[in-house]
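Colleague: one predicted model, sequence on top.
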Amino acid sequence: MSTLPLSRRHLLGAGTFGIGALAMPAWARGGAINDSAIRAGFDEVSGTSIDLTVGEGMRTVQGRRGRGIAVNGSVPGPLLRLKEGTSVRLNVRNTLDHDSSVHWHGLLVPFYLDGVPGVSFPGISPGETFTAEFPVRQAGTYWWHSHSALQEQAGHYGPIVVDPAGPDPVEADRDYVLLLSEFTPLDPHTIMKKLKKGEGYFNYQQTSWTDDYPLDAGQRLMWGRMRMMATDILDVTGSTYTYLANGHGPEEGLEFAFSPGERVRLRVINGSAMSFFNVRIPGAVMHVVAADGQNVRPVPVEEFQIGTAETYDIVVEPVGEAMTIVAEAMDRSGMAVATLARRPGARAAIPPLREPPLLTVADMGMNHGSGAGDMEGMDHAAMGHDMPAMTTAPEPMGGMDMGGMSMRDTSLLPPTVKVGPGIDMVAMNPVDRMGDPGIGLDRVGHRVLTYNDLVSLVRNDDPRTPSRMLEIHLTGNMERYMWSFDGKKYSAVSDDPIRFAYDERVRVKLVNDTMMAHPIHLHGHFFELVNGAPEGFQPQKHTVIVQPGGFVQFDLTADEPGDWAFHCHLLYHMHSGMFQVVSVAEPGGVG
Ligand SMILES: [Cu+2]
């Protein structure tokens, strides 16, 4: 290689009079950033015109290496700091050798800038720069991510904070972003293939005859007959994932500084592909002040579950030298960790992972009551079958006789649901589970947030009663890893969208016929959870967890014309078909 010394000299020489070119980081020059490692953590970008460059490279997390997709050279990509009432121009340059995209998750934008390939936008071709310019109409905590293929799993995501035009009702001395996600050295398409082969592939906590789960022989037989697993809590687990806090593994020591007496605002974003987290700060009370970017009346809690794609803002007053922020994966196969530290290096104890939870009768959609904690004093004998453990509490099904109970009775489904191999489970008696803290948190012995605790801080602007009800079933065949709405797997252009008239007010009921919790996200809108909040103060969200075997209802004002994505935010569920297009008519137009 006689040219090597020459080219090296050439490069060195260029440096002496081409400082500008050399000062430009590798990611900005474009192309693969193979040999320059992707940084963990993120910079902050702001102003009226922001450049984002999508590139590829190698990531290393706690010694594990894998290929990744970075934006501006880091995972997560940069924090976009925007200001309500201004306009912003976002220039997204794609240096990958395949298409990319950015969806501004939670931001109200015109539909053609929403960044979902195949829905009013073709995607960003290799070498192309896509510009999204729009007015910033809201304040709060949001995030952005690729909507192309499985890029989000590889690292293509980052946080958004929008500062309010006026005074912020949340008073805090410090303001931090805590973006939770996961790292895997596996190629995301490899994960998809493994899930297709066997849904329990990553579930190393499977019940077996020799393990020490509190299930007796009869219970094991019952779960086996149903071809289900009581430990089937998350599809992809800590067996491959390292859980990340702002891109850092739990041993990599992410710190947030505080001084005694200060109020610290933490903007918690679940930017993971497949994980629900249970978040707590042992010893601290967390005041939940915003959900999905929208201010709520403060709720003091000691733990909350955050579904994929949700955000919660909390305010804490740390005490002592340090406090540990623990984000435990819902199946307790790992945790992301950060520290509130009074001085650099200060640490508090990290609690061990708790016992993995088991699915319950309620998760199978066989509730007979009105929801969690409401089963006391029920006369089970009068219901004609012997089900002593019929509660939403996390008890295994002691002595349950499943005879005569069909979990696949498709006659329970409305005619709008397409019955076929895509459905292997039908909730027998789905109930409103918005008072449920989430899988595994029923009996933790301290106060846990539920959706029923959320009350909007300000009055909502549409007081109308919905004029119609739309029921949508979340369906799936877990064994074949097929996921769908109403039994229909999404297959692009041929599908009939869900249609709304312009400004129509609709109550949407999402019924979960499966045994997994699904975080359902509607683009372009906020909807109001029907959670018993005082009239006019239902909390607004863009993503809602529908608990297994349960339902949620929300009121939607369809006032953003255009085609919008509507999907489960578990990446591999979306990729396997749990996706639809919502079409909102133009003003005066026909749906
Ligand atoms: Cu899902």
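Modeller: Okay, I see it. Numbers count the residues shown, from 1 in each chain.

Colleague: low-confidence bits of the stretch 301-450 of the chain, can you list those?
Modeller: Counting by pLDDT under 70, the stretch 301-450 of the chain contains low-confidence residues at 366-406.

Colleague: quick one: the helices in it?
Modeller: Taking DSSP state H, counting those that start in this stretch, the stretch 301-450 of the chain contains no helices at all.

Colleague: what is the neighbour count of the residue in it positioned nearest to the ion?
Modeller: Here the residue of the stretch 301-450 of the chain nearest the ion is Thr308; by Cβ to the ion that distance is 8.6 Å. No exception for glycine: its C-beta is placed from N, CA and C like everyone else's. Thr308 is flanked by 26 other residues according to other Cβ atoms under 10 Å.

Colleague: mind checking how far the longest strand along the chain is from the chain centre?
Modeller: The residue-count maximum for a strand in the chain (DSSP state E) belongs to strand 49-61. What separates the centre of strand 49-61 from the centre of its chain is 21 Å, taken as Cα atoms, centre = their mean, to the nearest Å.

Colleague: may I see the buried residues of the helix or strand just after that strand?
Modeller: The helix or strand immediately downstream of strand 49-61 is strand 64-71, counting by DSSP states H and E. Buried residues in strand 64-71, counting neighbours by 16 or more other Cβ atoms under 10 Å, are found at 66-71.

Colleague: same check, this time on stretch 567-586
Modeller: For stretch 567-586, by 16+ other Cβ under 10 Å, it's 567-585.

Colleague: restrict these to those near the ion?
Modeller: The overlap between the buried residues of stretch 567-586 and the neighbours of the ion (Cβ under 5 Å from the ion) comes to 568, 570, 573.

Colleague: what residues are up against Pro357?
Modeller: By Cβ atoms under 8 Å, 6 or more residues apart in numbering, the contact set of Pro357 is 233, 330-332, 394, 439-440.

Colleague: again with Thr184
Modeller: By Cβ under 8 Å, 6+ apart, the contact list for Thr184 reads 66, 153, 191, 236, 240-242.

Colleague: and it, how close does it get to the ion?
Modeller: Distance of Thr184 to the ion, given as Cβ to the ion, to the nearest Å: 19 Å.

Colleague: same check on Pro463?
Modeller: Pro463 sits 32 Å away from the ion, going by Cβ to the ion.

Colleague: how about His575?
Modeller: For His575 relative to the ion (Cβ to the ion), the value is 10 Å.

Colleague: possible to save the buried residues of strand 64-71 as a markdown table with distance to Leu457 and pLDDT?
Modeller: What follows is the buried residues of strand 64-71, written out as a markdown table (distance: Cβ to Cβ, whole Å; pLDDT from 0 to 100):
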| residue | distance to Leu457 | pLDDT |
| --- | --- | --- |
| Gly66 | 41 | 95 |
| Arg67 | 43 | 95 |
| Gly68 | 38 | 97 |
| Ile69 | 37 | 97 |
| Ala70 | 36 | 97 |
| Val71 | 32 | 98 |
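
Colleague: nearest to the ion among those?
Modeller: The closest of the buried residues of strand 64-71 to the ion turns out to be Ile69 (Cβ to the ion; 22.5 Å).

Colleague: which strands and helices sit next to the longest strand of the chain?
Modeller: Contacts defined by 3 or more Cβ pairs under 8 Å, 6 or more residues apart in numbering; DSSP states H and E place strand 49-61 against helix 26-29, strand 64-71, strand 87-94.

Colleague: what angle do it and strand 64-71 make?
Modeller: On the basis of axes from the mean of the first three to the mean of the last three Cα atoms, to 10 degrees, strand 49-61 is oriented at 180 degrees to strand 64-71.

Colleague: in strand 49-61, what counts as buried?
Modeller: Neighbour-count burial for strand 49-61 [16+ other Cβ under 10 Å]: 50, 52-59, 61.

Colleague: of all the residues you listed, which comes closest to Pro126?
Modeller: Val54 (9.9 Å; Cβ to Cβ).

Colleague: roughly how far does Asn91 sit from Pro159?
Modeller: Applying Cβ to Cβ, to the nearest Å, the value for Asn91 to Pro159 is 18 Å.

Colleague: who has more neighbours out of the two?
Modeller: Comparing Asn91 with Pro159 by neighbour count (other Cβ under 10 Å), the higher total belongs to Pro159, at 25 against 14.

Colleague: how many other residues sit next to the residue in the stretch 351-500 of the chain that the ion sits nearest to?
Modeller: Residue nearest to the ion within the stretch 351-500 of the chain: Trp483 (5.7 Å; Cβ to the ion). Per other Cβ under 10 Å, the neighbour tally for Trp483 reads 27.

Colleague: then the one 3 residues further on?
Modeller: Counted with other Cβ under 10 Å, the burial measure for Asp486 works out to 20 neighbours.

Colleague: my read: it touches Lys418, true?
Modeller: Yes: using Cβ atoms under 8 Å, Asp486 is in contact with Lys418, at 6.3 Å.

Colleague: mean pLDDT for the helices and strands packed on strand 49-61: which is lowest?
Modeller: Of all the helices and strands packed on strand 49-61, the minimum mean pLDDT falls on helix 26-29 (a mean of 66).

Colleague: so how far is Pro318 from Phe258?
Modeller: Taking Cβ to Cβ, one finds Phe258 at 5 Å from Pro318.

Colleague: could you name every residue contacting both of those two?
Modeller: 264, 340, 342.

Colleague: which SSE is Val582 in?
Modeller: Using DSSP H and E, Val582 falls in strand 579-584.

Colleague: can you give me the strands for the stretch 151-300 of the chain?
Modeller: 157-163, 174-183, 242-245, 254-257, 264-270, 277-280, 286-291, 294-301 (DSSP state E, counting those that start in this stretch).

Colleague: export those strands to TSV and tack on distance to Trp143?
Modeller: Listed next are the strands of the stretch 151-300 of the chain as TSV, based on distance: least, Cβ to Cβ, whole Å:
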stretch	distance to Trp143
strand 157-163	5
strand 174-183	7
strand 242-245	14
strand 254-257	17
strand 264-270	5
strand 277-280	14
strand 286-291	14
strand 294-301	15
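
Colleague: among the ones you listed, which is nearest Asp461?
Modeller: Asp461 lies closest, by Cβ to Cβ, to one member of the strands of the stretch 151-300 of the chain: strand 294-301, at 12.3 Å.

Colleague: excluding chain neighbours, what is closest to Leu52?
Modeller: With Cβ to Cβ, 6 or more residues apart in numbering as the criterion, Leu52 has its nearest non-adjacent residue at 4.9 Å, and that residue is Val92.

Colleague: residue numbers of this structure in contact with the ion?
Modeller: Counting by Cβ under 5 Å from the ion, the chain sits next to the ion at 518, 568, 570, 573.

Colleague: so is the last one in a helix, a strand, or just coil?
Modeller: His573 falls in the helix class when you classify it by DSSP: H, G, I helix; E, B strand; the rest coil.
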